[in-house]
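Colleague: This is a predicted model, with the sequence first.
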Amino acid sequence: MIDCSKFNAPCCRHVIDDLSRGDGVCRYLNEETNRCTIYDRRPMICNTDKMFEAFYSQFMSRDEFDEMNRRACRGLLLHGQREDLK
């Protein structure tokens, strides 16, 4: 499991549709704590346990799924660093 608060919550800073407050940042992200304000009732897309069970468990192991998420997190972190350099 990844503690997103240590990494500036990159997934919550690259959202689309009704979760975004208009600038790509999730409307439910507390930017002071990097924590979700609706964590206990967050959408499925934000819940890796539910996403794994519903869509990925038939195709990969939990370890593979967790590694896929860690790679995606690192990619979003790098993207954010490149954006900061502009």
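Modeller: Okay, I see it.

Colleague: max-length helix in the chain?
Modeller: helix 62-85 (DSSP state H).

Colleague: Against which helices or strands is that helix packed?
Modeller: helix 48-51 (3 or more CB pairs under 8 Å, 6 or more residues apart in numbering; DSSP states H and E). (Glycine included, C-beta is placed from N, CA and C.)

Colleague: Now do the buried residues in the helix it packs on.
Modeller: 48, 51 (16 or more other CB atoms under 10 Å).

Colleague: In PDB, could you pull the C-alpha coordinates for that helix?
Modeller: Provided in PDB are the C-alpha atoms of helix 48-51 (Å, rounded to 0.1, in the frame of the first residue of the first chain):
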ATOM      1  CA  THR A  48      -7.600   0.300  -5.100                       C
ATOM      2  CA  ASP A  49      -9.000  -2.600  -3.100                       C
ATOM      3  CA  LYS A  50     -12.400  -2.400  -4.800                       C
ATOM      4  CA  MET A  51     -10.900  -1.700  -8.200                       C
END
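
Colleague: Quick one: list the elements packing against it.
Modeller: Using 3+ CB pairs under 8 Å, 6+ apart: helix 48-51 touches helix 62-85.

Colleague: I'd like the average pLDDT over the helix it packs on.
Modeller: With pLDDT averaged residue by residue, helix 62-85 scores 79.

Colleague: Run the chain-centre distance for it.
Modeller: Relative to the centre of its chain, helix 62-85 is centred 9 Å away, using CA atoms, centre = their mean, to the nearest Å.

Colleague: tell me the pLDDT at the residue nearest the centre of the chain?
Modeller: Geometric centre of the chain, nearest residue: residue 11, 2.9 Å, by CA atoms, centre = their mean. Note on residue 11: pLDDT of 82.
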